[in-house]
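Trainee: Test case, fold it:
(4 chains, ligands or ions: 4)
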Amino acid sequence: MMTETGYTPTPSKSPASSKVMRWVYIIGAFIVLAAIGGFFNRAFLTPENGLAILRAAAMSGMVAMGATFITLSGRFFSLALGQTAMFAGVLMAVLMSAGLPFGIAVVLTFAVIILLGALQGGIIAMGANPIVTTLGAGAILAGLAGLATGGKNVPIESAVVEWIGNGRIIGVPTQTWAFLFSVAVAWWVINKTRLGRETILMGANRATAEASGVNVALITILVFIIASIAAGMMGIFEAAQFNKARVMGFDAVDFNVIAAVLIGGTAIQGGRGSPLQSALGAVFIATVQNYMLLLAWSAGVRTVITGALIVVIVVGFHIAGKRKGA
Amino acid sequence: MSNVALEMKGISKAFGAVQALDNVDFELRRGEVMALLGENGAGKSTLVKVLAGLHVPETGSIKIDGKPFNLGTTQLSHAAGIAVAEQELSVIGTLSAAENIFLGGVPFSGPWTRKRLAEKAKPYLEAVGLGHLDSSVPVERLAVAERQLIEIARLLATNARILILDEPTAALNDSDIERVKALVTKLAREGHSIIYVTHRLGEVFEIADRITTLRGGRSNPPENVSDMTLAKVIERMIGRPLEEMFPPRASGFGEAALDLRNVTTKALPLMQNLKVRAGEIVGLAGQVGSGTESLLRAIAGADIVETGSISVDGRRLPKAHKLSTAMKYGIGYCSSDRKLDGVFADLAVSTNMVAPSMRQVTPRFIVNRRRIRDLTGRISGQMAIDPKRAEYRVGALSGGNQQKVALGKWLGISPRVLLVAEPTRGVDVGARAEIYGHLRRLADEGMAIVFSSSDIDEVHGLADTIITMYRGRQVRTVKPADVGNHDLLRDITHPEEEVA
Amino acid sequence: ELPGEGSIVMFGQSRENPYFGQNAVGAGDVAAEFGWDFTYVESSTQEAQDAAIQQLLATGQKPIGIVLNPISGAAAVASELAITQAGIPMVILNQVPSKEQADLFIAYGGVSDYLSGQNAAQLLVAGAEKAGIELGNGLVVNTVAGHSAAQERVAGFLDEMARSFPEGSEILADVTSGGFLENEGYAVGSQIIPANAGQFNWVYGVNDALAYGAMTAAKENGIVPGEDVLFVGGTCMNATTNAAVQAGELVGTSVQAPYIEGAAAMYALVAYLNTGEVINDERNLSSDAPPSIDEPPYKWNYMPNTMLDGSPESYTETVIWGKTAQELCNYN
Amino acid sequence: MKFLQNPLVQRLVLLVVVYAILALTVPFFATSGNAYAVLEASALLGIVAAGLAVNMLTGELDLSVGSVAACAGLVAIMMSQHGIYIAVIAAVIPAVLYGMLQGYCIARLQISSLVFTLGTFIGVRGLAYVISDERTLTLALSNLSISMSLRERILIFSPFSLLMIGVLIIAGLLLRYTRVGREIFAIGGARKESRAAGVPQVRPLVISFATSAGLAALAGALASMRGGSAAPGGYETVLLGAVTAALIGGVSLYGGRGSMIGVFIGVLTLQFLLSGLQLLGAPNWAANLTTGLILLAFLGIDLAHGSSPVATALHRSRVRRRSSNTA
Ligand SMILES: Nc1ncnc2c1ncn2[C@@H]1O[C@H](COP(=O)(O)OP(=O)(O)OP(=O)(O)O)[C@@H](O)[C@H]1O
Ligand SMILES: Nc1ncnc2c1ncn2[C@@H]1O[C@H](COP(=O)(O)OP(=O)(O)OP(=O)(O)O)[C@@H](O)[C@H]1O
Ligand SMILES: [Mg+2]
Ligand SMILES: [Mg+2]
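Mentor: Ligands and ions are numbered 1, 2, ... in the order given. You can find the predicted model right below:
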């Protein structure tokens, strides 16, 4: 009874091949960038500089790994990640200055961070708008941290923390390892686990996901927990490097993270994208910044170019995605 | 002066690899109703959109009243006297009826005050039989049929001579359909030329003067309705005669698989009882709003069951169960709105197929690729879905194939009970027969199936047991052999006179 | 005739920044000394600060004096004019107003960032002599773009360097970072230091934290601070940077204490309230004791910017207005 | 009691409650001087929020308003020697053109404005640094009379705050009573349907982005001249403030719902709180905490009614409880 059609698959529509093309584009962009970079500045193409770029991408990169889950799940993004990072650092420092050993302080900190993520996810699962919820949550976290510290930096004294902040493993800083590790974990979770699959399903169409038995409330809570953990990790690394937790200096985190996710080509509506792409997005931004820094361009010019590049890249992804046959 | 209002010659339009329109010729005379027919994906809507100025064809010429015309923007198409009500409902819920009428480029100068709008909108609303309406109420508060009529009122307000209606009755009740049909006839009599797109082939014989069929993007020459039969129309559409629309019925049933006792929900305050045996297909016949879909929603857990009990294979579902609980008891549910909650249009066919079976394909939470492959292979086989397309976006498939994916995805959890609302809404006649065949085969394999439909032929042809519903009440339960279409139609429209 | 009671309102930036927190404490302590109420109104943007000042004036409150720390540079001119027109004596701190704005305020009492930059350059030169290094080219790690105090510091630093090296010591890179703290210094340092490795032997961070962050990055790249490359910030801040100074990783520092700054501004205000006069000139305040309130304040009163050579003794033995450098250099 | 379900009424009630609490607890709060100061402080936020609300009504969000305001402020200060009118015009016209271009791109590409304006948000900020040479620009002392004239007190108003009220009224009328206004609501509430209905898609978006950029520039230019200075890094928080005010005022992030009266209520609610805290000399974190709590409180209102998941869950548990009682 099947209708006969003389249909032959054309490569341009095959999702597998368009995925390959996407990677070809991304990697191509990096190669072009590297070539131009190396041409104008010899220092750009050195291994040291490569490491420096990875290190520069590491902080917002690791948070972007968590944030990608939120975007993929169709809950847009969180505007509380910077504050979560700050709060995690402050909380750990406060606990340690109260005399708790590092291990316990870290466990307690993450317990609180997980709770905070779960609370936000829970409110959003109840039907609240994610942007408004996280905007509010971020403001409250900033308020609480200010209240707890009176605005003072909180010093941390611990050899372990010192190592976490400044250690190197085979010459590569701990932060870079943490970034690579979170990329691997995020990739694995998205591609190889039920949670990952259900996150994508929910982002692609929440109503269908629910009708197919996906527990969207649970997934919502989990993705916000994951993002909070990633932010908490960053906060602890930030605090560890200079042995003190600070209340200021996390304003740009949210935007850097969102930029990494979007430049990586993850769709803002959810359901399409991957943590690997976000990681590349973060590295890409870091590379461009690094290059302009090495040429000692003024901050204004650097900012203009960063903005213009973001526009060009997101528009490029958008057009490529449409051509694929939306 | 000839009486040809619109002439299109050699129109072609491709979307990437899909040749949606392939050298299409089309002609429309003054004052006639031209039915535009074809399978899903045949190119009907694309042709309509070319006329609306939404698509620019790659080749071809268009003449209006004998003069060549360049379309390509909605403004040009307006200027040419063409007005289109597209397939998707296009009224804006938050705005009022009057505002909706004047928004789409219809002239209205001066301030848009409530009073002025109401005054100017009145004649158009009257023309479509909505003269009584308070035109300042947001249309989201109106019934679907009224919204459809407002769309037509908007066409009239443009003073266009050529009106195009793309599946205006797809989502309407029989009685509302009558309103639309009467209106179309009246407008044609008043001198409008009308292109009427539909999958309800019966309508064609009532209101159309001529028929143009499209098949795979190519056009057949127009034919007079009076020269045609239903079988001939179908043959033009699918390129071969349709032997059997409906599969043979079951010979016997098994144990009771689904049992509802005194169930009520907010939408269904009257108690509902229902028994469905393994292997049985129960058809709930009723108009939109009659409660047929609400009953399915109640069983599926999409609506909250306030009182009463539901059991599957003798196991009683918990009170006020959720969708996911129903699933665990072996209930699969396809709503009538595929795009909304039936498929993931942007994801691959294979991903869609395994969505309800996450537990099976991710044992210990880890994705098992082999299981996914096995399951998609099995479903593709059972539902006759081309396995080569397993990695395609579902949104790129035809309506019929999308519906097969929406149904087939349930096979992974081997449901005891399958609930299907409007199994063939917007699905063309060939794919329709195919879907009926699949449903029957699933029943034969031991599933209990309940479907709801506002299409009486469908219920009569497919169901083993028919339940008619009217305003949330089960009017009666009958065997198809014992009733005619006529009785069913009366039951679902005005049952009072008959039922004691 | 000093008022026996009254209130002082200080407008400033968020006390979540420890520097401004100490500003407030320093000013508040002096106000308390004279028995006055002290309110600190904090804002995070210039518009918000303007609004807060407007609100104070509009509600008819009449403090005996106002201390103003404009959010950005000379940005608060309109608010200053409004306060002056309302007849409330106002002193400014933290951002030196230009001479043209002299009519808009009673006196300035606070840092001279130009001096801070000069001090840093002198520390660098002295450090190089001590380590036996001939200064060559260098890098500057700046703070956020458009920060006027930092621009002053760099100007002072460069002028002083030009005096010491008339033939020119080249700046290879002058880069802005995202903030004021170690992390930000590290973020840019970790990129420009490996890229310019071997071509420079000094780094100026516009404060000790930025210099320290850059220094950390340098160490990670195998550079020995104090031997291969000299690092200087010139504003003591916290335990970490102090330890680095004492270890010779930063070549000395100077005490530019926010606590003293707040006090300096208040003393200028008190002296004016007491005498009703201002001497239209500038002076560097002595580090021994606060200025006398019986003499009129100068129009521009620069707080002490005492250099420390980096020895532990220099921290414990240097005393400014009764507080040791050790105390004053531990606010962050 | 039915009118209490009107979201606008709920918001008005909240505004009154906030005012009453502050008036009773904060000294000087309930003075006419403070009313003037609050309105004056609202002017910047109000004008930006009016433009952004038009933008949100179309279902879009222009993240670049803060950067545009900063650029406009710088231009206005640079041009101030030619007088206030020239300065404002010189600041606003390029912004309007920029907004039109941005709206055109977004409409034609059919790209999410959140994604697109993330880039312009950063790029235009960079432009501010470039045109100012990374310095804060100040009004020449001889031009400070501009500043004074903008804040001159008329009862409880100033020219600036009157302008804000005027902008809100005009925007409200245009939205309500013109075709373009209705188109803005249409494409915001129902993008797909409106396209099918033949509502032009490009024009309303061009207008909406021109409005958000133009009003941001107007507000930035006037606020900078009122304050006597413009910093390239300025107005960074105005986006968040304006969005918050619009949300408090009931403008939907998904488009199609909201009103200028709501925006005004939102702006005032926010400004009352900030002003109250300021009068108390409260630290920054207190403002953070309050804003956060207010936002969450509004989520509460929105969650409580309708068919939100939480309402469904409550209903479900009510049914279960009832049936276990009767069983
Ligand atoms: N915008 C588009 N991009 C890509 N392909 C398209 C687009 N619009 C239509 N098509 C494809 O063109 C073909 C013709 O589609 P069209 O919508 O005209 O069919 P139809 O006859 O109206 O079908 P139905 O009865 O389901 O409404 C189909 O294969 C369809 O999927
Ligand atoms: N939106 C779209 N974008 C790209 N390709 C499409 C789109 N819609 C349909 N197609 C492709 O166009 C071709 C023709 O579509 P059509 O609807 O005729 O499919 P079909 O196999 O005949 O299904 P059925 O018999 O169930 O109607 C199909 O191969 C389909 O994959
Ligand atoms: Mg087909
Ligand atoms: Mg169609």
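
Trainee: Just want the most central residue of the chain.
Mentor: I'll assume chain A. Residue closest to the mean C-alpha point of chain A, counted by C-alpha atoms, centre = their mean, is residue A:64 at 0.2 Å.

Trainee: meant chain D actually
Mentor: Mean-position check on chain D, C-alpha atoms, centre = their mean. Result residue D:49 at 1.5 Å.

Trainee: list the buried ones in whichever strand or helix holds residue C:242?
Mentor: Per DSSP states H and E: residue C:242 is located in helix C:239-246. Across helix C:239-246, burial judged by 16 or more other C-beta atoms under 10 Å in any protein chain shown covers C:240-242, C:244-246. Where you see a C-beta, it was placed from the backbone N, CA and C, and this is true even at glycine.

Trainee: can you redo those as TSV with distance to chain D and pLDDT?
Mentor: Listed next are the buried residues of helix C:239-246 as TSV, based on distance: C-beta to the nearest C-beta, whole Å; pLDDT from 0 to 100:
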residue	distance to chain D	pLDDT
C:240	25	88
C:241	25	92
C:242	27	92
C:244	29	93
C:245	30	94
C:246	33	94
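
Trainee: Tell me where the stretch 151-300 of chain D has helices.
Mentor: D:159-177, D:179-189, D:191-196, D:202-227, D:238-248, D:260-279, D:284-304 (DSSP state H, counting those that start in this stretch).

Trainee: Quick one: closest of those helices to chain B.
Mentor: helix D:191-196 (3.3 Å; C-beta to the nearest C-beta).

Trainee: Any part of that closest one near chain B?
Mentor: Yes. Using C-beta under 8 Å from any C-beta of the partner chain, we find that helix D:191-196 touches chain B at D:192-196.

Trainee: neighbouring contacts of that helix?
Mentor: With contact meaning C-beta atoms under 8 Å, 6 or more residues apart in numbering or on different chains, helix D:191-196 is reached by B:86, B:88-93, B:103, D:59, D:183, D:186-187, D:201, D:255.

Trainee: Ranking by neighbours, what's the top pick from the residues of helix D:191-196 next to chain B?
Mentor: residue D:194 (26 neighbours; other C-beta atoms under 10 Å in any protein chain shown).

Trainee: Give me the pLDDT for the residue lying closest to that residue once chain neighbours are set aside.
Mentor: Using C-beta to C-beta, 6 or more residues apart in numbering or on different chains and skipping residues adjacent in sequence, the residue nearest residue D:194 is residue D:186, 4.3 Å away. Per-residue confidence (pLDDT) for residue D:186: 92.

Trainee: next one: residue B:139
Mentor: So residue B:139 comes in at 88 (pLDDT).

Trainee: I'd like the distance between it and chain C.
Mentor: As defined by C-beta to the nearest C-beta, to the nearest Å, residue B:139 lies at a distance of 43 Å from chain C.

Trainee: Return the distance of that residue relative to residue B:364.
Mentor: Between residue B:139 and residue B:364 the distance is 51 Å, computed by C-beta to C-beta, to the nearest Å.

Trainee: quick one, which of these two is more surrounded?
Mentor: A direct count of neighbours by other C-beta under 10 Å for residue B:139 and residue B:364 places residue B:139 higher, at 22 against 7.

Trainee: isn't that one right up against residue B:90?
Mentor: No. Using C-beta atoms under 8 Å, residue B:139 makes no contact with residue B:90, being 11.0 Å away.

Trainee: What segments of the chain are helices?
Mentor: No chain specified, so I'll use chain A. Using DSSP state H, the helices found in chain A span residues A:15-40, A:47-72, A:81-97, A:102-125, A:130-149, A:159-166, A:174-192, A:194-204, A:206-211, A:216-241, A:253-263, A:275-294, A:299-323.

Trainee: Switch to chain C, please.
Mentor: Secondary structure of chain C (DSSP H): helices located at C:18-33, C:46-58, C:77-85, C:113-131, C:148-164, C:182-195, C:208-220, C:239-246, C:258-275, C:312-317, C:325-328.

Trainee: Out of the ones you listed, which is closest to chain A?
Mentor: Closest approach to chain A among those is made by helix C:182-195 (3.8 Å; C-beta to the nearest C-beta).

Trainee: Who are the packing partners of the closest one?
Mentor: helix A:47-72, helix A:216-241, helix A:275-294, strand C:138-142, strand C:171-176, strand C:202-205, helix C:208-220 (3 or more C-beta pairs under 8 Å, 6 or more residues apart in numbering or on different chains; DSSP states H and E).

Trainee: which neighbours does the fourth one have in its sheet, and in what orientation?
Mentor: Strand C:138-142 sits in its sheet next to strand C:171-176 (parallel), strand C:202-205 (parallel), going by DSSP bridges.

Trainee: and the angle for the worst-scoring helix or strand of chain C on mean pLDDT with helix C:208-220?
Mentor: When each helix and strand of chain C is scored by mean pLDDT, DSSP states H and E, strand C:171-176 comes last, with a mean of 82. Counting by axes from the mean of the first three to the mean of the last three C-alpha atoms, to 10 degrees, strand C:171-176 points 120 degrees away from the direction of helix C:208-220.

Trainee: gap between strand C:171-176 and the chain center?
Mentor: Here strand C:171-176 is found 21 Å from its chain centre; the criterion is C-alpha atoms, centre = their mean, to the nearest Å.

Trainee: and that strand, which residues are buried?
Mentor: Neighbour count says strand C:171-176 has C:171-176 buried, by 16+ other C-beta under 10 Å.

Trainee: Ok, stretch C:116-134 next?
Mentor: C:116-128, C:133.

Trainee: still on that earlier bit, now, which of the residues of helix D:191-196 next to chain B sits nearest residue C:289?
Mentor: residue D:194 (75.1 Å; C-beta to C-beta).

Trainee: ok so, going back, possible to save the buried residues of stretch C:116-134 as a markdown table with pLDDT?
Mentor: Below are the buried residues of stretch C:116-134 laid out as a markdown table (pLDDT from 0 to 100):
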| residue | pLDDT |
| --- | --- |
| C:116 | 93 |
| C:117 | 94 |
| C:118 | 94 |
| C:119 | 93 |
| C:120 | 95 |
| C:121 | 94 |
| C:122 | 94 |
| C:123 | 94 |
| C:124 | 93 |
| C:125 | 92 |
| C:126 | 92 |
| C:127 | 91 |
| C:128 | 91 |
| C:133 | 87 |
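
Trainee: Nearest residue to residue C:44 in space, ignoring adjacent ones along the chain?
Mentor: residue C:14 (5.3 Å).

Trainee: give me the number of residues near residue D:33?
Mentor: 18.

Trainee: any bit of the helix or strand where it lies sitting next to chain A?
Mentor: Using DSSP H and E, residue D:33 sits in helix D:32-57. No. Between helix D:32-57 and chain A, judged by C-beta under 8 Å from any C-beta, nothing touches; the nearest distance is 11.4 Å.

Trainee: what's the angle from that helix to helix D:179-189?
Mentor: With the same axes, to 10 degrees applied, the angle from helix D:32-57 to helix D:179-189 works out at 70 degrees.

Trainee: which helices and strands does helix D:32-57 pack with?
Mentor: For helix D:32-57, the packing partners by 3+ C-beta pairs under 8 Å, 6+ apart are helix C:46-58, helix D:65-78, helix D:159-177, helix D:179-189, helix D:202-227, helix D:238-248, helix D:260-279.

Trainee: pLDDT at the spatially closest residue to residue B:289 that is not a sequence neighbour, what is it?
Mentor: Leaving out its chain neighbours, the residue that sits closest to residue B:289 by C-beta to C-beta, 6+ apart is residue B:173, at 7.3 Å. Residue B:173 carries a pLDDT value of 71.

Trainee: same deal with residue A:15?
Mentor: Looking at residue A:15, its pLDDT is 49.

Trainee: Could I get the contacting residues of the closest residue to ligand 2 within chain C?
Mentor: Closest to ligand 2 within chain C is residue C:178: 45.2 Å, counting by C-beta to the nearest ligand atom. Residue C:178 makes contact with A:249, A:252, C:144, C:184, C:187, according to C-beta under 8 Å, 6+ apart.
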